[in-house]
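> no sequence for this one, just the structure:
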């Protein structure tokens, strides 16, 4: 019997249950997938705590990679044996196998292992749209990246170097600072020791950065606003410290007239053509070795609760995967 992590109530990691599930055959437009590895993301915590609502009981997880076992009626783009990866709804990636819509899948090149795919599909596509779709970045631009040693951060740093960007990163510890530097971060600020916005102004001759990429949310929004250049852009793409409080628009008017966006990956991969383009560029960089995916934490799928504890505590560096 297939096994899966499910939750019946929102709350802490203890609400996650490891149990047997009936998978069944795929219906029209669906495929059945045997997972090779499962991704661990902050979005999973948002669902578990109820920040992102879902009808209960529910499966857990939005990212995995594996092999197509069977296809339903009308599915012509995949066949049994195909290697695939995915990120996004419906929930249920924390499982040994599952049935899901074929339209959500992305074909995975043979050169990329399942664990690598599970560690990078969401993070890599996020880095892809942040760098390739959000803002017309130019070689030599300086940007600020919060959580530079995180899963998205380490991919972002490598890609930014390929584009000729100067990256100032923030981290919580000296160890994470060393990791960020090793992946190409030009300047690293340990936010527990320095005033980030003040240091950014010093490093940019008082101008501030062209773009701030902020996945932290409530705890860093004021810093981001104080660090961005006049008519620059603040990209709030995560809420690891909690949602950003309501914003007084006059703060933007008095803070240099920056632009502000709160993008969601789903809106950048909804179009199959755009999703294929973003994934294709990402996979090409990874397969060629121009971007490496660091998996620093591996947990058996049944130990998902511990994986959540470590992710929430800030102990994780780079990407984490759940092994099947």
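Noted; the coordinates are in hand. Being a predicted model, the structure only gives us computed values, none of them experimental.

> show me the chain divided up by domain.
With domains defined by automatic domain parsing, the chain comprises 2-121+294-323, 135-261.

> of those domains, which is nearest residue 278?
The closest of the domains of the chain to residue 278 is domain 2-121+294-323. By Cβ to Cβ, the value is 9.6 Å. C-betas here are computed from N, CA, C, even on glycine.

> how long is that closest one from one end to the other?
14 Å (Cα to Cα, to the nearest Å).

> again with stretch 256-270
Stretch 256-270: ends 33 Å apart by Cα to Cα.

> can you give the distance of that stretch from its chain's centre?
How far stretch 256-270 lies from its chain's middle: 14 Å, per Cα atoms, centre = their mean, to the nearest Å.

> for the most centrally placed residue in the chain, give its distance to residue 196.
Centroid-nearest residue in the chain, with Cα atoms, centre = their mean: residue 123, separated by 3.3 Å. Plainly put, residue 123 is 23 Å away from residue 196 if you go by Cβ to Cβ, to the nearest Å.

> do residue 59 as well
Distance from residue 59 to residue 196, by Cβ to Cβ: 38 Å.

> that older thread, give the next helix or strand downstream of the helix or strand encompassing the residue nearest to the centre of the chain.
Element membership of residue 123, judged by DSSP states H and E, is helix 114-132. Once helix 114-132 ends, the next helix or strand along the chain (criterion: DSSP H and E) is strand 142-145.

> residues making contact with that next one?
Residues outside strand 142-145 that contact it (Cβ atoms under 8 Å, 6 or more residues apart in numbering): 137, 153, 156-157, 160, 165-170, 185, 200, 203-204, 209-213, 224, 227-228.

> for the helix holding residue 123, packing partners?
Helices and strands touching helix 114-132, by 3 or more Cβ pairs under 8 Å, 6 or more residues apart in numbering; DSSP states H and E, are strand 30-39, strand 63-71, strand 83-87, helix 151-162, helix 266-269, helix 272-288, strand 295-300, strand 319-323.

> residue 115 is nearest to which of the ones you listed?
Nearest of the helices and strands packed on helix 114-132 (Cβ to Cβ): strand 30-39, 4.4 Å.

> partners of that closest one, with directions?
When pairing is defined by DSSP bridges, strand 30-39 lines up against strand 63-71 (antiparallel), strand 97-101 (antiparallel), strand 319-323 (antiparallel).

> let me know the angle separating the helix or strand following that strand from helix 114-132.
Using DSSP H and E, the helix or strand that follows strand 30-39 in sequence is helix 42-49. Counting by axes from the mean of the first three to the mean of the last three Cα atoms, to 10 degrees, helix 42-49 lies at 100 degrees to helix 114-132.

> sort out which residues of helix 42-49 are buried, please.
By neighbour count with 16 or more other Cβ atoms under 10 Å, helix 42-49 contains the buried residues 42, 43, 44, 45, 46, 47, 48.

> please name the nearest non-neighbouring residue to the fifth one.
Counting by Cβ to Cβ, 6 or more residues apart in numbering, residue 46 lies nearest to residue 52, which is 4.3 Å off, once chain neighbours are set aside.

> phi and psi next, for the one you found.
phi -100, psi 110 (degrees, to the nearest 10).

> just confirm residue 186 contacts residue 157, I think it does.
No - counting by Cβ atoms under 8 Å, residue 186 stays clear of residue 157, with 9.2 Å between them.

> returning to what we had before: could the helices and strands packed on helix 114-132 be laid out in CSV, adding mean neighbour count and distance to residue 105?
Shown next, in CSV, are the helices and strands packed on helix 114-132 (neighbours: other Cβ atoms under 10 Å; distance: least, Cβ to Cβ, whole Å):
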stretch, mean neighbour count, distance to residue 105
strand 30-39, 24, 7
strand 63-71, 23, 8
strand 83-87, 25, 4
helix 151-162, 25, 21
helix 266-269, 16, 12
helix 272-288, 16, 10
strand 295-300, 16, 22
strand 319-323, 24, 18
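
> of those, which is nearest residue 179?
Closest among the helices and strands packed on helix 114-132, using Cβ to Cβ: helix 151-162, at 7.5 Å.

> before we move on, the earlier item: in CSV, list the buried residues of helix 42-49 along with distance to residue 278 and pLDDT.
Shown next, in CSV, are the buried residues of helix 42-49 (distance: Cβ to Cβ, whole Å; pLDDT from 0 to 100):
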residue, distance to residue 278, pLDDT
42, 20, 86
43, 18, 88
44, 22, 94
45, 24, 93
46, 22, 90
47, 23, 94
48, 27, 96
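
> put together CSV for those, with distance to residue 241 on each row.
Shown next, in CSV, are those (distance: Cβ to Cβ, whole Å):
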residue, distance to residue 241
42, 11
43, 15
44, 17
45, 12
46, 12
47, 17
48, 17
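
> can you tell me which of the residues you listed is nearest residue 301?
For the buried residues of helix 42-49, the nearest to residue 301 is residue 44 (12.4 Å; Cβ to Cβ).

> perfect, that will be all.
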